[in-house]
Structure formats: structure tokens, C-alpha cells
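Asker: model the following, please.
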Amino acid sequence: MSDTSLRQSAPRRRKSLVLRALMLNGASAVVTVLLFVLLLSLVAPPMGVNAPGARMALWARLMVWPALVLFGMVVGVMAMRGRTQAFNPIEDPESRGQRVAQRVLANSVEQTAIFVPALAALVATLPQPSLGAAVAATALFVLGRLLFWAGYLVHPFARAPGMAMTLTVNLIVLGWAVLLQLGGMQPG
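Answerer: Numbering: from 1, shown residues only. This is a model prediction of the structure:
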């Protein structure tokens, strides 16, 4: 194979890879929406959460799960650092595992920084019969972060389903909260 054909096939391979990644992300987003709709019909709304304080207590109980995932990721970064004895992140060379663990944690902190206040706004303004959506969204968010983490450990492109799930959940929660704010809907 000549150098010219190698140079021409590399852009084609990259284009094919990008197309497959886009298709996987799109399919993951569609699956997430379908799962969310399914969970809406299966998850009963929590009872007795009409008062603002009760709604924020519900939100706080739900936030334990994303916090637990982040804590696990922090432990993962620490374990990778201890395993390779690269204690100084500035001076010591980092392994691929350390870089993956740090990127997973950093991206998860970013995604959680969107999810946490958006879910608070949603819980504060959703009508009581729809509050099961907050439980469903939290479950899918946590599942998305775990899929992202596991996928990243396999291969950077394998993180796509978890990333798409997380992004889709964040779009649903944030979009719904914004619509409720714009509509002036009162809880209850």
C-alpha cells in the first residue's frame, strides 16, 4: 500500500468512526428518552411532598446517589495514584488508567454541576403527581455516569452511551425546569 493511499484512507476511517459515534450517541439518547418515559409510568410520585421543605428534603435524598458515584470516582483516582506510586500529579508520569480516572471524575463533576441545580428547580416546581420524574431522572443520571465510567475503562469511544444518557437526562431535567419557570406553574 502506498503512502498516498494510506493518507487517503486515514480521513475515511476517521469519518467512518465519527459517523458511528454519532449514530451510537443518537441511539443512546433515544433509548434514554424511552427509558425515561417508561419509568414515568412505573415510578409512583412520592407522597406528602407538597410543602417546599418536603420537596427540598426529597431533592436532598435524591442527591445522595450522584454524590455516591462522585465519591466512588474520587476513590478510583486515589487508588490509581497509589497503585502506580505517582503521588505527585505535577512531576510523576501518569499512567493511562490515572488519566482515564481523572477525566471520568472531571467530566462527572461537570455533568453533576448541571444536574444538581436543575433537579432542585424541577423538584421545587413540578406538580406533585409528576414528582416521580425526579426519581426517574436521578436513576438514569446515575446509570449514565456508571456507564460512562465503565465504557471509558474499555475504550474512549465506549463511553458514548453513558455520556449520551447523561446529556439527555440533563437536557430533559433542565429543559423541563426552564419550561416550568417560564410558565409560572405552581407546585402541587
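
Asker: which elements pack onto the longest helix seen in the chain?
Answerer: Counting by DSSP state H, the longest helix found in the chain is helix 3-42. Under the contact definition 3 or more Cβ pairs under 8 Å, 6 or more residues apart in numbering; DSSP states H and E, helix 3-42 sits against helix 132-154, helix 160-183. Bear in mind the C-beta positions are built from the backbone N, C-alpha and C, glycine included.

Asker: let me have those in JSON lines, extended by mean neighbour count.
Answerer: JSON lines is the format used below for the helices and strands packed on helix 3-42 (neighbours: other Cβ atoms under 10 Å):
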{"stretch": "helix 132-154", "mean neighbour count": "20"}
{"stretch": "helix 160-183", "mean neighbour count": "19"}
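
Asker: now those helices in JSON lines, please, with extra columns for mean pLDDT and distance to residue 92.
Answerer: Shown next, in JSON lines, are the helices and strands packed on helix 3-42 (pLDDT from 0 to 100; distance: least, Cβ to Cβ, whole Å):
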{"stretch": "helix 132-154", "mean pLDDT": "96", "distance to residue 92": "21"}
{"stretch": "helix 160-183", "mean pLDDT": "94", "distance to residue 92": "29"}
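
Asker: for residue 72, find the nearest of these.
Answerer: Judged by Cβ to Cβ, the one of the helices and strands packed on helix 3-42 that comes nearest to residue 72 is helix 132-154, at 8.3 Å.

Asker: what residue ranges in the protein score low on pLDDT?
Answerer: Low-confidence segments of the chain, defined by pLDDT under 70: 1-8, 85-87, 89, 184-188.

Asker: again, only using 90
Answerer: Along the chain, the parts satisfying pLDDT under 90 run over 1-26, 40-41, 44-50, 52, 78-99, 128, 155-158, 183-188.

Asker: what sits against the residue nearest the centre of it?
Answerer: Nearest to the geometric centre of the chain sits residue 166, at 2.9 Å (Cα atoms, centre = their mean). Taking Cβ atoms under 8 Å, 6 or more residues apart in numbering, we find residue 166 in contact with 111, 115, 141, 144-145, 148.

Asker: switch to 7 Å and redo it
Answerer: 111, 141, 144-145, 148 (Cβ atoms under 7 Å, 6 or more residues apart in numbering).

Asker: okay if I get those residues as CSV plus distance to residue 177?
Answerer: As requested, those are exported to CSV (distance: Cβ to Cβ, whole Å):
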residue, distance to residue 177
111, 16
141, 14
144, 18
145, 20
148, 22
